[in-house]
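Sequence and computational prediction follow.
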Amino acid sequence: MRALKVSFIVGSLLNLINQGETLLSLDLAHLNLVKFLLTYVVPYSVTTYTAVSLKLEFIIGSKSSVEADLKCRGCGAKIHIHKDELIPECPKCGVKTRWKLDK
């Protein structure tokens, strides 16, 4: 729902900036429909991608949003975490830990 709201607000503002004269005069014959639609699709895609990326990011000291098996990008150490568990540092990498999903 958040992505749809952002898309509507940002897309509408961008359409007014890019094709405002055409839209305000209701000159639909000169409206570039592809640009009009893409102006809504792009903010939706960016918002959705960002939300999904943040859910899949595992930053030390933050709470995990999912239960997962993680692998350290630096040394390859593996751990299992539960939802809402604090994400620990890797025993070998310490504060430089960068976890990723272990597939």
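Done, it's in. Residues are numbered from 1 along each chain as shown.

Give me the phi and psi for the closest residue to R73 other than its chain neighbours.
Spatial nearest neighbour of R73, chain neighbours left out: R98 (4.3 Å); criterion: C-beta to C-beta, 6 or more residues apart in numbering. Glycine gets a C-beta too; all of them are placed from N, C-alpha and C. Backbone torsions of R98, given as degrees, to the nearest 10, read phi -130, psi 100.

I59 and R2, how far apart?
Distance, I59 to R2, by C-beta to C-beta, to the nearest Å: 21 Å.

who's more crowded, these two?
The neighbour count for I59 versus R2, taken as other C-beta atoms under 10 Å, is higher for I59 (12 against 9).

Give me the neighbour count for the residue nearest to R73.
Residues lying near R98 (other C-beta under 10 Å) number 14.

Pull the contacting residues for it.
Contact analysis of R98 by C-beta atoms under 8 Å, 6 or more residues apart in numbering lists 72-74.

now do L70
Applying C-beta under 8 Å, 6+ apart, we find L70 in contact with 58, 78-81, 87, 99-102.

quick one: which of those residues sit in strands?
Secondary structure from DSSP state E places 78-81, 99-101 of the contacts of L70 in strands.

Domain parsing of the protein, as residue ranges.
By the record's domain assignment, the chain is partitioned as 2-55, 68-101 (automatic domain parsing).

in what helix or strand does I9 lie?
Using DSSP states H and E, I9 falls within helix 2-24.

tell me what the helix or strand following that helix is packed against?
Downstream of helix 2-24, the first helix or strand assigned by DSSP H and E is helix 33-55. Where contact means 3 or more C-beta pairs under 8 Å, 6 or more residues apart in numbering; DSSP states H and E, helix 33-55 is packed against helix 2-24.

Return the set of buried residues in the helix it packs on.
Of all the residues in helix 2-24, those buried under the rule 16 or more other C-beta atoms under 10 Å are 3, 6-7, 10-11, 14-15, 19, 22.

That helix to helix 33-55, inter-axis angle?
For helix 2-24 against helix 33-55, the angle by axes from the mean of the first three to the mean of the last three C-alpha atoms, to 10 degrees is 160 degrees.
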